[in-house]
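S.K.: Sequence plus the predicted model coming up.
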Amino acid sequence: MDTSVKTKAERRRKWTTAMLLAPATLWYAVLLLLPLVTIVIFSFGERGPAGGYIPAFTFDNYLNLPTRSKAFFNTMTLAPLGTLACLLIAYPLAYYLAIVANKKYKTLLLVLVIVPFWTSLLVRTYAWIFILGGQGLPKLLAFIGFEGVRMINTPGAVLIGIIYIYLPLMVFPIYVSLEKLDTRLLEASSDLGASPLRTFFQVTLPLSIPGLATGSMMVFILLMGEFIIPQMLGGGKVYFIGNALVDVFLQSRNWPFGAAFAVSLVLIMLVTITVYMRYMSKLAGGRDDVSVM
Amino acid sequence: MTNKDNKSITETEFMNELYRYKKGSVSRRHFMQVTGLSTAMAVVAGSAPAMFAGSAFAAEDLGNRLNFATWPNYMDENNIAAFTEATGVHVNVSVFGSNEEMLAKLQAGGTGWDVFVPTNYTISTYADLGLIQEIDLSRIPNFSKEHNDPVFTEQGIYNGKVYTVPKDWGTTGYVINTAHTRSDMTSWKEFWDSAMNEYSSRAIVHDYQLTAIGNALKYFGYSFNSVDPAELADAEKLMIEVKPHLFAVTSDYQPGMRSGDAWLSMCWTGDAVQLQRDIPTMAYVLGKEGGEIWSDFYAIPTGAPNLAAAYAFLNFMQDPEVNAREGIAHGYPLIDSRAIDLLPEDLKNNPILYPAAELLSALEFGAAVSLTNPDRAELMARFKAA
Amino acid sequence: MTDDIKNGAETADIEFRGVSRHFGDVIAVNNVDISIPRGGFVSFLGPSGCGKTTFLRMIAGFEQPDSGDVLLRGESVVGVPAFKRPVNMVFQHYALFPHLNVADNIGYGIKQVNRKISKKELATRVGETLEMVRLPGFQERNIWEMSGGQQQRVALARALINRPNVLLLDEPLAALDRKLRRDMQIELQNLQREVGITFVLVTHDQEEALSMSDTVCLMKEGRIVQTGSPQDLYKEPLSPYVADFVGKSNFFKGISEGAGAVKLTCGRIVEGRAPLTVELPPKSSAAVVCVRPEMIHIAAEGNKGASEHAMYFTGNIVNRIFLGENTEYVVRIDELGDVLVMSSRLSEASTGTFEPNQSVTIGWDKDATLIFADT
């Protein structure tokens, strides 16, 4: 009697849980799994005569990937480099906002970080075309004696664009993790004999790793699929996987090859992120109470 | 368009102003293509109902709405307003960046478009897929067959059926900034050779398969539309060789040319006109080996919801005065000689717009197969990834 | 005026000379002079906002004085940052490093001062210190796996491992439950005797201050109002403020009659004495009479006992709070208002317990009556 009541309540609880999870499950199934499965299937197919997809089973699409090794190389160097550059610039900025800045101006400063998001990414990137073009910074450099500096359509220009566009994405998670940092921990470290620099590396930095990891992941993942910045500031000469995907899907209409591209991109990301997370959680002191993402 | 009431600017007005502002620097094919975005913008046409209906439109009920899909910066807003004034039909304008995008939309269905603007080499594809309808020229009394050059109008006729009415045309050559380059360049061979030698890191090649490959084929004297594997292999070899010497591979070449970073670039007529107007040292070269000539048309999709309004619109646009105003607004050469006669002298006599006949005779219209050929698409992708 | 605790300044671990510290318009520490001798257990007691924490933070080096001088073992440390001072602190809520385990938390201090220490020596020192705080074998534990009491011990071990001259404790027991707090009070006292260094405790809890320290400094609005042994503070408060803050007190207002007598507002005259170092208020000036609740005898009305005292009143019990070892009564007296009376279980053995609304007689002796000037 008692047990049947218990199981009934339990069953009802399970049913409630299932109902509450249903929308999320459906969401994942429809929006994540289904396209993923489709792409994997497509990647083994063949291109139709007028583009599109014809069912087949071939590894040709994967074997053809090395012809685009430049895209992989560019993405795999500039995405980590861009992430690192964002990190190195964002950290001091976030540190200033969270710990140093006067509380009165904090909100204003935070808003200023977001302000660029209020205009279209396109318009902002266009501005950089002019800034980095011959009539922009290089002209200024020529004026102070550095002649013939080429900026636009170089990997450096793409890097600048990446830093400019992605910086806020890095600043905010780091800001949040530094903001909730208990300043008494810093005092404790100082009290125990650690100089401010050592305190930073032994306490502040490890404790801000969750934010740092989140920011880096967001920037890195988005950069792996980036195509507008290299297109606009790289002049089609700095070619990312994202650009290859756009070309293969939209110009060549070679869906199976594009699918193979997408699958390999997903695999690269999975491996990179797994390795990264492992490393980060180790740095964070192996705490299981701290989510690294 | 002006803000007559002196009220605060609306979002739509702002968008229009933005496009206007960009007009000098963004090529029509490029902007949307690059971004993959398409922004639909409704034109706030004169909102007062027509005080009197024009005699040509009095006969039938046109409805009050027309959906028009075209390229950015490709019409005179005043003409649209005048059309609404005359007919009471409001025009919703959608803007697109590529023929591929228009095709994809129509294939997907449900666009609700009444009139759109395809380029010559897509007409047969649309017709084969049953996406556009035959035009009843009798419903367009303003259209005059004898005043429109058959070189262009024939591109809109497929299997003997008329699918389009002509809009304008243009060429694909290259622009050089003679402040930096020699001014006696005349061929595609010189373009490619100089790009990897004396003008290394100064040349721009289109990020558009049809023209980039087509003009490379011209280096060897092959057809602009070749799909022959051996000829394409030659073109690819040339393109890959030149690639490291290029300033950029982009269809948005005006900023690079204007900043002085680039000295020569593949170029469409309208961009050449704009560049030369602002920087007189810019010169437009049509390769003597040939190259591309193209034309854009008005066409009516199958199942257009406002067919009567669509015909009224096409007829309105074929009016020589309206057409001439269009030509002044978008800067491309017109087809209807009655409209050309009404153009200002400087436009009429501009050799960029209306080149010498012997240069034109070498040019080829892009073929439908050139656009859809998978080998060419792959070649282009390899070139870009090189 | 310098509050010299016990001996002279030469053996002082900490010395404050005319130290003030302001935060905007708020004066946190106001011209404090004090000398704390080596090896004692000193508490700074006061309500929140009295400046005691700022005082502690100036010793640690987290705050610098606006004026005056702070000396540690005779040397001025004004401008010396916290990480260069030979003092360590146990923080309120412990401030343990959440990303480090117990051993790394405790070893943190050694690694800062001796970067080349061998792993073996480090492990030995950490192990010894853990033994000292009675947490042997807890090295690999994570901080969040520990109870509040255990975290407290880790914080102590972390602060002690560098063998500081002075250990500062900022409300160290505030987060512990009552039973644990009692145990830790005893342990802290033992620990202090064991390591023999100066402990400076800051607390708002008078019981904590009284039970652990040799010397208590009671603070009010940035100043030290009385320094002395816990017994002194309790038995000989120098002002009603001290009497009120340290232990519980009943206060009755009146006018001084001179010669140790005060005429209460009800007209009754009570006799008493002034605290040892304080003068009686002059005749006809406003005075306050203070009586500790445990010094008041309570008996059922009509029973002898209470009425044998020099002062006695009759009233009704309005409230009773059973505290275990004691019972607290609130007795409403017509002449005095509500009077708090504490009755021990021992005395209850003879008087019995009282019920609310019961009529009782309360009384106290002259010796239990302290007279202050009413300022």
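M.R.: Here it is on my side, so go on. None of the values given here were measured: they were computed from a predicted structure.

S.K.: show me where pLDDT drops low in the chain?
M.R.: Answering for chain A, as no chain was given. Across chain A, the ranges flagged by pLDDT under 70 are A:1-6, A:50, A:284-293.

S.K.: I was after chain C.
M.R.: By pLDDT under 70, the low-scoring segments of chain C are C:1-10.

S.K.: show me what contacts residue 224?
M.R.: If you meant another chain, say so; for now it's chain A. When contacts are counted by Cβ atoms under 8 Å, 6 or more residues apart in numbering or on different chains, A:M224 touches A:75, A:79, A:241-242, A:265, A:268-269. (Glycine included, C-beta is placed from N, CA and C.)

S.K.: right idea, wrong chain: chain C
M.R.: Residues counted as contacts of C:I224 (Cβ under 8 Å, 6+ apart) are C:3, C:32, C:34, C:217-218.

S.K.: Tell me the secondary structure at B:K167.
M.R.: Assigned with DSSP: H, G, I helix; E, B strand; the rest coil, B:K167 falls in the strand class.

S.K.: Would you check how far apart it and chain A are?
M.R.: Using Cβ to the nearest Cβ, to the nearest Å, one gets 25 Å for the distance from B:K167 to chain A.

S.K.: what about the nearest residue to that residue once chain neighbours are set aside, neighbour count?
M.R.: Excluding its sequence neighbours, the residue lying closest to B:K167 (Cβ to Cβ, 6 or more residues apart in numbering or on different chains) is B:D296, at 4.6 Å. Using other Cβ atoms under 10 Å in any protein chain shown as the criterion, B:D296 is surrounded by 26 other residues.

S.K.: for B:D296, what are its contacts?
M.R.: B:D296 sits in contact with B:71, B:117-120, B:167-169, B:332, where contact means Cβ under 8 Å, 6+ apart.

S.K.: one more time with 10 Å
M.R.: B:28, B:70-71, B:74, B:99, B:117-120, B:152, B:155-156, B:164, B:166-170, B:330, B:332, B:335 (Cβ atoms under 10 Å, 6 or more residues apart in numbering or on different chains).

S.K.: partners of it in the sheet?
M.R.: B:T119, B:D168 (DSSP bridges).

S.K.: ok so, going back, let's see the PyMOL selection covering just the buried ones among the contacts of B:D296.
M.R.: The buried residues among the contacts of B:D296 can be selected in PyMOL (16 or more other Cβ atoms under 10 Å in any protein chain shown) with this line:
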select buried, chain B and resi 28+70+71+74+99+117+118+119+120+152+155+156+164+166+167+168+169+170+330+332+335
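
S.K.: what ranges do the strands span in the stretch 1-150 of chain B?
M.R.: B:40-42, B:65-70, B:90-95, B:115-116 (DSSP state E, counting those that start in this stretch).

S.K.: Contact residues of the stretch 1-150 of chain C facing chain A?
M.R.: C:57, C:60-62, C:81-101, C:104-115, C:142-144 (Cβ under 10 Å from any Cβ of the partner chain).

S.K.: Filter those residues down to the buried ones.
M.R.: Buried members of the residues of the stretch 1-150 of chain C next to chain A, scored by 16+ other Cβ under 10 Å, are C:57, C:60-62, C:82-83, C:85, C:87-101, C:104-112, C:142-143.

S.K.: Tell me which of these fall in helices.
M.R.: C:57, C:60, C:104-112 (DSSP state H).

S.K.: will you turn the residues you listed into a markdown table that also has distance to C:S43?
M.R.: Formatted as a markdown table, those follow (distance: Cβ to Cβ, whole Å):
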| residue | distance to C:S43 |
| --- | --- |
| C:R57 | 16 |
| C:A60 | 16 |
| C:D104 | 31 |
| C:N105 | 26 |
| C:I106 | 25 |
| C:G107 | 29 |
| C:Y108 | 27 |
| C:G109 | 24 |
| C:I110 | 28 |
| C:K111 | 31 |
| C:Q112 | 28 |
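
S.K.: which of those residues lies closest to chain B?
M.R.: C:D104 (49.7 Å; Cβ to the nearest Cβ).

S.K.: Just list the residues touching that closest one, thanks.
M.R.: Contacts of C:D104 by Cβ under 10 Å, 6+ apart are A:202, A:285, C:97, C:111, C:122, C:126, C:139-140, C:143, C:158.

S.K.: Return the residues of the stretch 151-293 of chain A in contact with chain B.
M.R.: Contacts of the stretch 151-293 of chain A with chain B, taken as Cβ under 10 Å from any Cβ, map to A:151-153, A:227-228, A:231-232, A:234-241, A:243-244, A:246-248, A:250-254, A:257.

S.K.: Where do the helices of chain C begin and end?
M.R.: Taking DSSP H as the test, the helices found in chain C are C:52-60, C:102-113, C:119-132, C:148-160, C:178-195, C:206-212, C:230-235, C:240-245, C:345-351.

S.K.: try the stretch 1-150 of chain A
M.R.: Per DSSP state H, counting those that start in this stretch, the stretch 1-150 of chain A carries helices over the ranges A:2-28, A:34-42, A:60-63, A:69-95, A:103-114, A:121-132, A:137-143.
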